[in-house]
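S.K.: Sequence and predicted structure, then a few things I'm wondering about:
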Amino acid sequence: MPVITLQVGQCGNQLGHAWWQLLSHQCDTKSGWVGGEESVFFRETLREGRQARCLLVDTEPKVVDSVVSGGTASLFARSRCYLGQSGRGNNWAFGYGQVLGGSSRAAPKAQQPSWNFSANVEDPGQEEYRILEHVFEGVRREAEEADTAPDFLLMHSLGGGSGSGLGSRLLEHVRESYPLHHIASVSVAPRTAGDSPMQSLNSVMALSFLQAYADTVLLFSNQEMLEAATKSAAKSEKSANLSDVNVHIAQCVVGALWPLGPSESQGGTSRIRDLVSTVTPDTCLKLVESRTAVLSASPLSPATWQNGCRALQHHLPRCDALDNNRPITTQACMLVAPRLPPPPPPRPAPAMPLP
């Protein structure tokens with residue numbers, strides 16, 4: 001079942017860069033997984049080879065330019081990049097409506113990179129809201145290229161203007177255009193002491209749209225991911241940075257959404273749909289905690305379901321720091337354990353003696 005990834009804003013594109021690096025590595029190590037012209041996250045073409053099913057959207061070209069020029073540049077089609085020039089100033093309303101106070105701020109042609117399609121996305125004589133029209137058209141073309149009904153995966157932040165505002169507008173459009181498709185979101189919440197005074201309002205507005213239009217929300221706290229990345233880096237005597245945080249989040253998402261085998265990816269089964277039907281079937285409860293633990297088989301600690309659950313317990317939060325450290329309760333859970341043997345059948349209840 002194909003999945004179309006929508007990377008919005010600086011955080012969404014940086015996280016998406018780490019995401020596609022892991023997916024590309026998975027495809028390289030899993031020989032024979034990508035079969036035919038269709039796969040889950042990639043499409044195979046004779047002319048361009050492996051291409052990512054994604055749209056890169058940002059209101060500034062700096063981050064997208066670095067992504068398509070990096071080591072995974074061959075995965076991205078530059079016609080799928082939709083860029084602005086002036087940013088959205090950490091303002092949810094400006095990102096959602098694309099108009100700020102009715103002012104006309106035109107981007108000079110000299111600032112537009114020669115390779116992208118910025119001239120087609122936004123007319124220098126018009127407001128930058130024209131970027132939305134072409135992003136919507138890009139979503140339609142990407143969905144029509146899939147052989148079956150695709151699912152959507154949105155990557156963005158909750159605190160910025162582009163990720164929260166423009167991401168909310170794009171999420172609303174996808175839901176209205178594809179009401180029967182499943183939409184998952186990878187949303188990164190800002191730190192408590194962040195850099196923008198508008199991040200709290202941006203987060204509340206973005207969460208309201210996620211509650212209304214998304215089917216499941218994989219929510220990650222920037223502060224918690226930084227602490228987890230710091231612990232992992234401390235084992236190798238290194239200091240964690242923003243790239244380590246993105247890799248850590250990407251690993252958690254790959255562990256939840258990567259197909260379990262060729263039969264699943266080619267048989268119409270979707271990890272996103274499985275996640276929605278198993279963990280978030282209630283439309284009022286959509287927030288999901290996703291964590292990944294790696295088990296190394298050894299005589300002292302064999303790779304079993306019990307050890308897998310025990311390893312995950314160290315990564316999952318147990319108390320809510322924003323609610324007086326009350327224990328966190330969950331309505332449903334799903335354990336994805338590839339390459340592990342099936343769990344033993346439950347023991348039958350002892351027979352009751354007849355009177």
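M.R.: Yes, it's here. Numbers count the residues shown, from 1 in each chain.
S.K.: Tell me if I'm right that D151 and M1 touch.
M.R.: Yes: judged on CB atoms under 8 Å, D151 makes contact with M1 at a distance of 6.4 Å. Bear in mind the C-beta positions are built from the backbone N, C-alpha and C, glycine included.
S.K.: overlap in contacts of these two?
M.R.: 270, 272-273 (CB atoms under 8 Å, 6 or more residues apart in numbering).
S.K.: So which of these wins on neighbours?
M.R.: For these, the largest number of neighbours (other CB atoms under 10 Å) sits with S270, at 24 neighbours.
S.K.: from what I can see that one touches F41, true?
M.R.: No: S270 is not in contact with F41 according to CB under 8 Å; the separation is 11.4 Å.
S.K.: Show me whatever sits in contact with both of these two.
M.R.: Shared contacts of S270 and F41, counting by CB under 8 Å, 6+ apart, come down to V3.
S.K.: can you list the weak-confidence ranges in the stretch 251-355 of the chain?
M.R.: The model of the stretch 251-355 of the chain has pLDDT under 70 over residues 261-269, 295-303, 305, 321-322, 331, 337-344, 351-352, 354-355.
S.K.: Against W20, how distant is the nearest residue to P190 once chain neighbours are set aside?
M.R.: The spatial neighbour of P190 that comes closest, neighbours along the chain excluded (CB to CB, 6 or more residues apart in numbering), is G159 at 3.4 Å. Look at G159 and W20: by CB to CB, to the nearest Å, they are 23 Å apart.
S.K.: Would you mind giving the secondary structure of R50?
M.R.: Here R50 is strand, with the state taken from DSSP: H, G, I helix; E, B strand; the rest coil.
S.K.: in the sheet, who's paired with it?
M.R.: Applying DSSP bridges to R50 gives these bridge partners: E44.
S.K.: re earlier: distance check, the residue nearest to P190 against M225.
M.R.: Summarising the geometry, the distance separating G159 from M225, computed by CB to CB, is 14 Å.
S.K.: With D282 instead?
M.R.: With distances defined as CB to CB, the gap from D282 to M225 amounts to 26 Å.
S.K.: neighbour count winner among these two?
M.R.: Between D282 and M225, counted using other CB under 10 Å, the more crowded position is M225 (20 against 9).
S.K.: mind checking which helix or strand the more buried one is in?
M.R.: For M225, the enclosing helix or strand under DSSP states H and E is helix 222-235.
S.K.: Could you check that helix and say which residues are buried?
M.R.: For helix 222-235, the buried set under the neighbour-count rule, 16 or more other CB atoms under 10 Å, comprises 222-226, 228-230.
S.K.: Contacts for it next, please.
M.R.: When contacts are taken as CB under 8 Å, 6+ apart, the neighbours of helix 222-235 outside the stretch itself are 188-192, 239-240, 244-245, 247-249, 315, 317.
S.K.: how about the residues you listed in JSON lines, adding neighbour count, distance to R140 and secondary structure?
M.R.: Compiled in JSON lines, those are given as follows (neighbours: other CB atoms under 10 Å; distance: CB to CB, whole Å; DSSP: H, G, I helix; E, B strand; the rest coil):
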{"residue": "V188", "neighbour count": "25", "distance to R140": "27", "secondary structure": "strand"}
{"residue": "A189", "neighbour count": "20", "distance to R140": "30", "secondary structure": "strand"}
{"residue": "P190", "neighbour count": "21", "distance to R140": "32", "secondary structure": "coil"}
{"residue": "R191", "neighbour count": "13", "distance to R140": "36", "secondary structure": "coil"}
{"residue": "T192", "neighbour count": "12", "distance to R140": "39", "secondary structure": "coil"}
{"residue": "S239", "neighbour count": "9", "distance to R140": "44", "secondary structure": "coil"}
{"residue": "A240", "neighbour count": "19", "distance to R140": "40", "secondary structure": "coil"}
{"residue": "D244", "neighbour count": "19", "distance to R140": "36", "secondary structure": "helix"}
{"residue": "V245", "neighbour count": "25", "distance to R140": "33", "secondary structure": "helix"}
{"residue": "V247", "neighbour count": "20", "distance to R140": "32", "secondary structure": "helix"}
{"residue": "H248", "neighbour count": "23", "distance to R140": "33", "secondary structure": "helix"}
{"residue": "I249", "neighbour count": "25", "distance to R140": "29", "secondary structure": "helix"}
{"residue": "H315", "neighbour count": "15", "distance to R140": "39", "secondary structure": "coil"}
{"residue": "P317", "neighbour count": "12", "distance to R140": "39", "secondary structure": "coil"}
